[in-house]
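Q: Give me the fold of what follows.
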Amino acid sequence: MALLLNCDLGESFGSWKMGLDQEVFPHINQANIACGFHGGDPLVMSNTLKLAKEYGVMIGAHPAYPDLVGFGRRSMNCSANEIRAFVLYQISALDGMAKSGGQTMEYVKPHGALYNDMMAKADVRLAIMQAIKDFHGDIKLMLQATPECELHQKEANDYGIELLFEAFADRCYDDDGKLLSRSRPGAVHNRENMLAQVKQLNEQGTITTVSGNILKVHADSLCVHGDNLEGVQAIAEIKELINS
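A: Below is the predicted model of the structure:
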């Protein structure tokens, strides 16, 4: 089965524009839609949902720390109850608007620092899982495919939720299976290396780390970015590559 393509969308708000959403939608399978805490607003959310419906794209909530000024990229020292509450609040907002348009929200993918903290800290991850468990419908959690997949699957089983594992098209991997820090050279692949990584992942289910090691990666979805025209063109190439 070919990898699905997911992309962060609906992150504009007010007069500020982020990304080329209209151009991205024809090429993706899953839309991670901002819920207002790092980007997005009610009108943008509504318009993004309409685009998802037009192109038959699966809907996912993209909740974040309450950090609009920092675009959700700054970690916050929140309690488990706070994380549970603001994640539940955000996914409920998207779910309500989706239902108004006859659509169904199917999964949750945290954004930015919340995603990073989820992968690094069990208490944050479990608080997010609790929010999903407490939600009124059956939705999945998307998180990074790492060598700790079995642990994460066991945690999810304890909460009665399903997981979607994702890999990253344009990011270099460290030897521990996590993403190479952006502070290190080569953390973001150029176009040639990105396409080579996608091809390897799609055909062999592996990635080559920064040191040249081969790691097995079980991924259901591939994260792509459409922040600019070059990015959109890259998504189109990736789609053609994985469907060939």
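Q: packing partners for the least confident helix or strand in the chain by mean pLDDT?
A: When each helix and strand of the chain is scored by mean pLDDT, DSSP states H and E, helix 229-243 comes last, with a mean of 88. Under the contact criterion of 3 or more C-beta pairs under 8 Å, 6 or more residues apart in numbering; DSSP states H and E, helix 229-243 touches strand 4-9, helix 21-24, helix 191-204, strand 221-224. Quick note: C-beta positions are derived from backbone N, CA and C, even for glycine.
Q: From the rest of the structure, what touches it?
A: Residues from elsewhere that reach helix 229-243 (C-beta atoms under 8 Å, 6 or more residues apart in numbering): 2-3, 5, 7, 20, 23-24, 27-28, 169-170, 191, 194-195, 198-199, 202, 222, 224-226.
Q: quick one, it and strand 4-9 angle?
A: 160 degrees (axes from the mean of the first three to the mean of the last three C-alpha atoms, to 10 degrees).
Q: can you state the direction angle for helix 229-243 and helix 191-204?
A: Using the same axes, to 10 degrees, helix 229-243 lies at 20 degrees relative to helix 191-204.
Q: what about helix 229-243, distance to the chain center?
A: Centroid separation for helix 229-243 versus its chain: 17 Å, with C-alpha atoms, centre = their mean, to the nearest Å.
Q: Can you report phi and psi for the most centrally placed residue in the chain?
A: Centroid-nearest residue in the chain, with C-alpha atoms, centre = their mean: K109, separated by 4.6 Å. Dihedral angles phi and psi of K109 (degrees, to the nearest 10) take the values phi -130, psi 110.
Q: OK, contacts around the residue lying closest to it once chain neighbours are set aside?
A: Excluding the flanking residues, the one nearest K109 by C-beta to C-beta, 6 or more residues apart in numbering is M142, at 3.9 Å. Neighbouring residues of M142 by C-beta under 8 Å, 6+ apart: N6, N32, G60, Y107, V108, K109, L163, L164, F165, E166, S221.
Q: right, and the secondary structure at the fourth one would be what?
A: Each residue gets one of three states, and Y107 gets strand by DSSP: H, G, I helix; E, B strand; the rest coil.
Q: Could you do the second one as well?
A: Three states are possible here, and by three-state DSSP the one that applies to N32 is strand.
Q: What pLDDT is listed against it?
A: Looking at N32, its pLDDT is 98.
Q: what about it, neighbour count?
A: Per other C-beta atoms under 10 Å, the neighbour tally for N32 reads 27.
Q: Might you list the low-confidence residue ranges for this structure?
A: Under the criterion pLDDT under 70, the flagged ranges of the chain are 1.
Q: Can you spell out which helices and strands pack onto the longest helix belonging to it?
A: Ranked by number of residues, the top helix in the chain under DSSP state H is helix 80-100. Secondary-structure packing of helix 80-100 (3+ C-beta pairs under 8 Å, 6+ apart): helix 42-55, strand 58-62, strand 105-108, helix 122-134.
Q: most tightly surrounded among those?
A: Comparing those by mean neighbour count (mean count of other C-beta atoms under 10 Å), strand 58-62 comes out on top with a mean of 25.
Q: strands paired with that one, and their directions?
A: Here strand 58-62 is paired, per DSSP bridges, with strand 30-34 (parallel), strand 105-108 (parallel).
Q: Identify all contacting residues around the longest one.
A: Where contact means C-beta under 8 Å, 6+ apart, the residues beyond strand 30-34 that reach it are 4-11, 25, 40, 44-45, 48-49, 51-52, 57-62, 64, 94, 107, 109, 111, 142, 221.
Q: still on that earlier bit, the residue nearest to the centre of the chain: what's it in contact with?
A: K109 is in contact with N6, N32, G60, A61, H62, Y115, L141, M142, L143, E166, counting by C-beta under 8 Å, 6+ apart.
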